[in-house]
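**Student:** dropping the sequence and predicted coords here.
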Amino acid sequence: MRILFIHQNFPGQFLHLAPALGARGHDVLALTDAGNARPRVVRTVCYPAPDAPDAAGPARSYARMCDRGQRVARACAALDARGYRPDVIFAHGGWGEPLFLRDVWPDARILTYAEFLYRSTGLDAGFDAEFQGADLCARMATTARRAHLLMALADADAGLAPTLFQASTFPEPLRSKITVIHDGVDTARLCPDPSARFDLPDGRVLRAGDEVLSFVARNLEPYRGYHIFMRALPAVMAARPAARVVIVGADGRGYGAAPASGTWKDRFLDEVAGRLDLSRVHFTGRVPHARFAALMQVTRVHAYLSYPFVLSWSLIEAMSAGALVVGSDTPPVAEAIRDGVNGRLVPFFDVPGWSRVLTDALADPVAQMPLRLAARETALARYDLRTVCLPRLVAFVENAIRQARAG
């Protein structure tokens with residue numbers, strides 16, 4: 001059967017699924033933004049990169065999504081004119097790409113990746129009053145970002161979300177369309193390795209067993225708790241004079257608003273720099289995945305924080321590598337970690353609590369070993385790519401194929 005994947009940053013969440021379906025004999029094609037330079041894992045065609053539509057206020061978000069959606073639709077119409085008609089389309093709902101697919105192929109089975117639905121209160125928006133506005137304009141802007149996401153799921157035959165928390169952000173009756181299957185983690189690659197090493201930018205080498213505290217985010221920003229971690233750090237480093245801290249992440253804006261000036265990284269580093277031994281704090285920027293994996297195999301304690309938002313793959317990968325994760329007690333994180341069972345949880349804003357728990361975990365690695373072993377077992381049982389997630393993902397798509405045949 002013909003399966004079309006649509007994702008502006010393909011392969012994205014379809015990295016393993018699309019090739020697996022191709023290996024099972026299906027005709028798999030991907031449609032992506034012309035500016036996407038990521039490696040092609042299946043046959044790929046492009047649609048023109050969108051413009052910035054001339055719209056202001058709450059309408060701006062929807063105008064941008066419509067612009068991308070119509071470009072996708074025109075690219076699909078061109079495929080149709082050449083005789084290509086997919087049986088199943090699997091599109092990410094986050095950028096407006098599925099909006100007009102029914103206008104091109106009304107009889108195709110459409111699946112949407114339902115990653116997250118914004119809400120003006122109760123989730124990420126308004127969670128952190130220090131950085132987020134809660135006035136009417138801010139609330140309306142957040143609500144406006146829901147339109148294309150709801151339309152994508154309403155038009156789809158079925159949706160997929162990676163976690164129960166992320167599925168729960170959608171309202172009934174749309175939520176009943178969503179199947180929860182995680183994207184999966186390569187637990188064979190992300191596994192404990194007592195011989196692992198991590199080379200620091202200054203030439204020093206960290207090895208498994210060293211007193212290492214790690215923090216990783218795509219961008220160093222409040223959404224991922226960088227400010228809380230940095231504020232907790234002075235007390236940790238004062239109590240643990242041999243500890244080294246490795247902070248991985250870029251200086252970009254990230255998911256939330258940009259700082260008034262400079263970068264979030266420098267803002268919060270400057271706030272505490274006078275109370276830190278900076279010779280023991282190592283910023284690496286973004287690192288290749290193999291380097292990230294090595295850090296998770298080396299680290300003694302890994303801090304992971306998140307607003308009530310999309311869960312990072314890095315949390316599950318850290319657990320798979322056998323790291324002791326100290327996570328924020330927010331719904332996406334608490335879905336994977338049970339405090340005192342396979343990691344530790346600390347209230348997001350409890351800076352003294354973060355200092356205390358991180359310090360205690362660094363001080364007694366032997367006592368933390370049962371939690372590390374349990375974290376690895378959780379990754380194997382619930383998130384393993386080959387034995388758990390990928391078979392379920394393939395079955396999810398092939399079920400849609402069977403329905404297409406029946407229709």
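**Tutor:** Sure thing, it's come through.
**Student:** all contacts plus neighbour counts: C-alpha atoms, from now on.
**Tutor:** OK.
**Student:** tell me where the model's unsure across the chain.
**Tutor:** Applying pLDDT under 70 to the chain flags the ranges 407.
**Student:** show me the residue sitting in the middle of it in space.
**Tutor:** Of all residues in the chain, the one closest to the mean position by C-alpha atoms, centre = their mean is residue 312, 3.5 Å from it.
**Student:** name the element residue 368 belongs to?
**Tutor:** In this structure, residue 368 is located in helix 365-382 according to DSSP states H and E.
**Student:** do the same with residue 397
**Tutor:** With DSSP H and E as the criterion, residue 397 is inside helix 390-406.
**Student:** helices along the stretch 101-250 of the chain, start to end?
**Tutor:** According to DSSP state H, counting those that start in this stretch, the stretch 101-250 of the chain carries its helices in the segments 101-104, 136-144, 147-155, 164-168, 226-239.
**Student:** to residue 292, which of those lies closest?
**Tutor:** Residue 292 sits nearest to helix 226-239 of all the helices of the stretch 101-250 of the chain, at 17.4 Å, using C-alpha to C-alpha.
**Student:** okay, domains of this protein per the record?
**Tutor:** 2-184+385-406, 197-382 (automatic domain parsing).
**Student:** circling back to that earlier point, helices or strands next to the helix holding residue 368 in the packing?
**Tutor:** Counting contacts by 3 or more C-alpha pairs under 8 Å, 6 or more residues apart in numbering; DSSP states H and E, helix 365-382 is packed against helix 313-320.
**Student:** can you name the residues in contact with the helix it packs on?
**Tutor:** 185-187, 190-192, 216, 293, 296, 302, 304, 324-325, 336, 372, 375-380, 383 (C-alpha atoms under 8 Å, 6 or more residues apart in numbering).
**Student:** report the inter-axis angle for the helix holding residue 368 versus helix 313-320.
**Tutor:** Going by axes from the mean of the first three to the mean of the last three C-alpha atoms, to 10 degrees, helix 365-382 is angled at 120 degrees with respect to helix 313-320.
**Student:** what's helix 365-382 in contact with?
**Tutor:** Contact with helix 365-382 is made by 185, 187, 191, 300, 316-317, 319-325, 336-337, 340-343, 361, 388-389, as judged by C-alpha under 8 Å, 6+ apart.
**Student:** mind listing what's buried in that helix?
**Tutor:** 365, 368, 370-380, 382 (16 or more other C-alpha atoms under 10 Å).
**Student:** got CSV for the residues you listed, with distance to residue 54 too?
**Tutor:** Converted to CSV, those look like this (distance: C-alpha to C-alpha, whole Å):
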residue, distance to residue 54
365, 56
368, 55
370, 56
371, 52
372, 51
373, 53
374, 52
375, 48
376, 49
377, 51
378, 48
379, 46
380, 48
382, 45
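**Student:** quick one: which of those is nearest residue 26?
**Tutor:** residue 382 (27.0 Å).
**Student:** OK, contacts around the closest residue to residue 286 other than its chain neighbours?
**Tutor:** Spatial nearest neighbour of residue 286, chain neighbours left out: residue 249 (4.7 Å); criterion: C-alpha to C-alpha, 6 or more residues apart in numbering. Neighbouring residues of residue 249 by C-alpha under 8 Å, 6+ apart: 216-220, 283-287.
**Student:** which of these fall within strands?
**Tutor:** 216-219, 283-285 (DSSP state E).
**Student:** in PyMOL, how would I select the buried members of these?
**Tutor:** This is how PyMOL selects the buried members of these, with burial counted by 16+ other C-alpha under 10 Å:
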select buried, resi 216+217+218+219+283
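**Student:** which of the ones in strands among the contacts of residue 249 sits closest to residue 242?
**Tutor:** Checking these against residue 242 with C-alpha to C-alpha, the nearest one is residue 283 at 17.3 Å.
**Student:** distance check, the closest one against residue 251.
**Tutor:** 11 Å (C-alpha to C-alpha, to the nearest Å).
**Student:** buried sites along stretch 396-406?
**Tutor:** 396-398, 400-401, 404.
**Student:** now do the top helix by length along the chain against helix 147-155, angle only.
**Tutor:** Secondary structure of the chain read by DSSP state H shows that its longest helix is helix 59-81. Inter-element angle recorded for helix 59-81 and helix 147-155: 40 degrees (by the same axes, to 10 degrees).
**Student:** can you give me the neighbour number for residue 384?
**Tutor:** A total of 23 residues lie near residue 384 under the criterion other C-alpha atoms under 10 Å.
**Student:** could you do residue 391 as well?
**Tutor:** Residue 391 has 13 nearby residues by other C-alpha under 10 Å.
**Student:** same deal with residue 243?
**Tutor:** Based on other C-alpha under 10 Å, the number of other residues close to residue 243 is 20.
**Student:** hang on, isn't it packed against residue 212?
**Tutor:** Yes - counting by C-alpha atoms under 8 Å, residue 243 does reach residue 212; the two are 5.7 Å apart.
**Student:** find residues that contact each of those two.
**Tutor:** residue 362.
**Student:** ok but residue 349 is inside a strand, no?
**Tutor:** No - with DSSP: H, G, I helix; E, B strand; the rest coil as the criterion, residue 349 is located in coil rather than a strand.
**Student:** who's residue 213 bridged to?
**Tutor:** Applying DSSP bridges to residue 213 gives these bridge partners: residue 245, residue 301.
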